[in-house]
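K.L.:
Sharing a sequence plus its predicted fold:
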Amino acid sequence: MLSLNNAFSVQEVEAFDQRACEALKCSHLEYSVEPKFDGLAINLRYEDGHLVQAATRGDGSTGEDVTQNVRTISSIPLLLPGLQPKIVEIRGEVLIYKKDFLALNQRQRARGQKEFANPRNAAAGSLRQLDPRITAERPLRFMAYGVGDVLPPIPVATHSELLDWFATIRIPVSQNRMTVHGANGLLGAFSQFDQMRAALPYEIDGVVYKLNQFSAQQQLGYVSRAPRFALAHKFQAPEATTQVLGIDFQVGRTGAVTPVARLGPVSVGGVTVTNATLHNEEEMKRKDVRIGDFVSVRRAGDVIPEIVRVLHESRPADVVSVSMPKHCPECGSVIVRPAGEAVARCTGGPICPAQRRQSLVHFASRRAMNIDGLGDRIVDQLVTAGVVKTPADLYFLQEQDLLSLERFGKKSAENLLRAIESSKKSTLSRLIFALGIRNVGETTARDLARHFGSLDQLMNATLDQLLEVHDVGPVVAESLLEYFAKDSNRNIVERLTAGGVEPTHEAPQVDSPASRFSGQTFVLTGTFPTLTRAEAKSLIEQHGGTVTGSVSAKTKYVVAGEDPGSKLEKAHALNIPVISEKQLLELVN
Ligand code: IVH
């Protein structure tokens, strides 16, 4: 399941439309506009009309199975009416209506139970209940906005027709969906949604624009995890005013030192905020934030709170300026900020307990090794007690080590050890991402895993070999070489293996058509029996691949038809696999 690129301004929306027009060589494109629901994404899989599986988005490839809980949501049909495709995956958002949310919190209060911060948190919490009977008591609803796998294809050519089709098979869709033309049409729809927002029964945090024609969507394709044919235009995040009580400096896993403002607690869009990031030294200076200032804060992208501006007109006389420290507040090592870089870094490396803690938190996080229960607090305890210094140490922990820690009972120790044990079978791409190598995010980690197939191969790769990987340029390659040049890091990798970490090979990407060829480059040559060149290109791009004009060491496959040109010879010379149109279609299916 993919994500969406965000826009916050008129210019960004105009640029989106212009890019689409240029790519498709036409003007006044047709778009479908619908609300950006503020809930939790799920995928509903129907086979022969029966709901067989419901899963959360998770990391986009692997989510949580929430089938039993979803079965309790009355607006989701367990059986689709009429004769339906053999397989259809319906994607949408689970949410709670505003009025139901108020009633739910009232009930929670009456029962002496914790209230929810907002409808989205309530929806997420309700869906993740271990006991479906509790989910059944919660007023969850569903709104559909797209499809995943469909077999055989459904006879619709546009997104708006797809939404209409959903309505005919009793799948809930928003009543407020529109089709518009061009950037002006998009912006007009945005204003309409902005005006009706308060009156809508559910919360939305923006509007989603999608090119209406599926054929046009396919032509535009995807970049990384987001489609080029869609855009989320977000409403301005709610702001609130509070006072800066202090400015701390937090050290991240790569040593980056971030100024963080400690704030008087304030509710921003239903969530209490007590900290806000100031990003870096320049940003702190630019905004001229001082201790004692009154500031306007918002949750950027609705997650990390940030200071929008200082209310200079109400600056108290006794405010105190703060500047970047020269030494790390955690380990005392020198802090450096290389010329031309925005980020200052602690040079302590693994001796810095903050870097160690943050590396471990990252290692265990949901998108990395997904070690349930190993969050900030426990990592802090493990590092302070000195029982864990590197991620590899986790795999040598004994129950006794945990029992000696405060607030650790036998049950919690067993749970944590079990979670660590099951992470041993994580995927290679998660493990590479978990190592926290600079400039290696999830997508790069996945490309590296697919290309090298083992940590050993990756660890011993040369610069040239690294550069062969799709989307790996000199910066990423350099980061990798630097990381694996350090004995301490090689040691961690060796000890991970010694501790029993045996990552599985990447599962073939069958969940999302967009990612099947992700990171793979194709070259087309000759005439194909059934597809035109443009169709073959769009098919590959639709599945996340790239088509280029010339064969190089980075080419994954050359697809050859009748009368192939010199590209075929080049493919043979470079030992690049050559496949037929039939084989291409087999790969897709
Ligand atoms: S389409 C191909 N449409 O936004 C693009 N997403 O930022 C896939 N979301 O995880 C998403 N309302 O859960 C789409 N009308 C809408 C949406 C929507 C909310 C969520 C979705 C996704 C996130 C991406």
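P.N.:
Perfect, thanks for sending it.
K.L.:
near the ligand, which residues of the stretch 201-350 of the chain show up?
P.N.:
Applying C-beta under 6 Å from any ligand atom, we find that the stretch 201-350 of the chain lies next to the ligand at 208, 227, 230, 232. For every residue, glycine as well, the C-beta is placed using N, CA and C.
K.L.:
Can you get me a residue count around the second one?
P.N.:
The number of residues packed around residue 227, counting by other C-beta atoms under 10 Å, is 20.
K.L.:
Against residue 2, how distant is it?
P.N.:
6 Å (C-beta to C-beta, to the nearest Å).
K.L.:
now the last one
P.N.:
Computed as C-beta to C-beta, the residue 232 to residue 2 distance reads 11 Å.
K.L.:
Could you say which helix or strand holds residue 446?
P.N.:
Residue 446 is located in helix 442-452, with elements delineated by DSSP states H and E.
K.L.:
Check the spacing between residue 164 and residue 173 real quick.
P.N.:
8 Å.
K.L.:
These two: who's more crowded?
P.N.:
The neighbour count for residue 164 versus residue 173, taken as other C-beta under 10 Å, is higher for residue 173 (18 against 13).
K.L.:
Kindly state the pLDDT recorded for the more buried one?
P.N.:
We have a pLDDT of 97 for residue 173.
K.L.:
ok, it - contacts?
P.N.:
143, 144, 145, 163, 166, 167 (C-beta atoms under 8 Å, 6 or more residues apart in numbering).
K.L.:
so which of the residues you listed comes closest to residue 65?
P.N.:
Nearest to residue 65 among the contacts of residue 173 is residue 144, at 19.4 Å by C-beta to C-beta.
K.L.:
Would you confirm that that closest one contacts residue 163?
P.N.:
Yes. Counting by C-beta atoms under 8 Å, residue 144 touches residue 163, with 7.4 Å between them.
K.L.:
which of those two has more neighbours?
P.N.:
residue 144 (24 against 19).
K.L.:
In the stretch 51-200 of the chain, what residue spans correspond to strands?
P.N.:
Remark: strands assigned in the stretch 51-200 of the chain by DSSP state E, counting those that start in this stretch are 87-96, 140-151, 178-181.
K.L.:
now for these, which one comes closest to residue 561?
P.N.:
When the strands of the stretch 51-200 of the chain are compared (using C-beta to C-beta), the closest one is strand 140-151, at 26.1 Å.
K.L.:
partner strands of the closest one, parallel or antiparallel?
P.N.:
strand 87-96 (antiparallel) (DSSP bridges).
K.L.:
Buried residues of the strand it pairs with, list them for me.
P.N.:
Of the residues in strand 87-96, 88, 89, 90, 91, 92, 93, 94, 95, 96 count as buried by neighbour count, 16 or more other C-beta atoms under 10 Å.
K.L.:
And the ligand, is it touching that?
P.N.:
Yes. Applying C-beta under 6 Å from any ligand atom, one finds strand 87-96 in contact with the ligand at residue 93.
K.L.:
quick one: that strand to chain centroid distance?
P.N.:
Mean-position distance between strand 87-96 and its chain equals 18 Å (C-alpha atoms, centre = their mean, to the nearest Å).
K.L.:
Among the buried residues of strand 87-96, which one sits closest to the ligand?
P.N.:
Closest to the ligand out of the buried residues of strand 87-96 is residue 93 (5.0 Å), distances taken as C-beta to the nearest ligand atom.
K.L.:
I'd guessed the closest one sits against residue 35; true?
P.N.:
No. With contact defined as C-beta under 8 Å, residue 93 does not count as touching residue 35 (9.3 Å).
K.L.:
shared neighbours, those two?
P.N.:
Residues touching both residue 93 and residue 35 by C-beta under 8 Å, 6+ apart: residue 143.
K.L.:
okay, now the one residue in the chain that gets nearest to the ligand: neighbour count?
P.N.:
Minimum separation of the chain from the ligand (C-beta to the nearest ligand atom) falls at residue 41, amounting to 3.0 Å. By the criterion of other C-beta under 10 Å, residue 41 has 20 neighbours.
K.L.:
got the contact list for the residue nearest to it when sequence neighbours are not counted?
P.N.:
Nearest non-adjacent residue to residue 41, counting by C-beta to C-beta, 6 or more residues apart in numbering: residue 57, 4.1 Å away. Shown in contact with residue 57 (C-beta under 8 Å, 6+ apart): 1, 40, 41, 42, 43, 63.
K.L.:
Can you lay out the residues you listed as TSV showing pLDDT and secondary structure?
P.N.:
Putting these into TSV (pLDDT from 0 to 100; DSSP: H, G, I helix; E, B strand; the rest coil) gives the following:
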residue	pLDDT	secondary structure
1	89	coil
40	95	strand
41	96	strand
42	97	strand
43	97	strand
63	88	coil
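K.L.:
most neighbours, which of the residues you listed?
P.N.:
Most surrounded of the contacts of residue 57: other C-beta under 10 Å gives residue 42, at 25 neighbours.
K.L.:
Specify the beta-bridge partners of residue 141.
P.N.:
Going by DSSP bridges, residue 141 forms beta bridges with residue 95.
K.L.:
Just give me the neighbour total for residue 142.
P.N.:
23.
K.L.:
Pull the number of nearby residues for residue 190.
P.N.:
Residue 190 - counted by other C-beta under 10 Å - has 21 other residues nearby.
K.L.:
hang on, the earlier thing: partners of the residue of the chain closest to the ligand in the sheet?
P.N.:
residue 93.
K.L.:
quick one: contacts for it?
P.N.:
Residue 41 neighbours (C-beta under 8 Å, 6+ apart): 1, 56, 57, 91, 92, 93.
K.L.:
Please produce TSV containing the residues you listed, extended by distance to residue 309.
P.N.:
What follows is the contacts of residue 41, written out as TSV (distance: C-beta to C-beta, whole Å):
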residue	distance to residue 309
1	36
56	36
57	34
91	38
92	37
93	32
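K.L.:
Just the closest of the residues you listed to residue 249, please.
P.N.:
Nearest to residue 249 among these: residue 57, at 33.9 Å, using C-beta to C-beta.
K.L.:
State the distance from that closest one to residue 526.
P.N.:
Distance from residue 57 to residue 526, by C-beta to C-beta: 40 Å.
K.L.:
again, but for residue 175
P.N.:
Taking C-beta to C-beta, one finds residue 175 at 50 Å from residue 526.
K.L.:
of those two, who's got more company?
P.N.:
Comparing residue 175 with residue 526 by other C-beta under 10 Å, the one with more neighbours is residue 526, at 17 against 9.
K.L.:
Sounds good, over and out.
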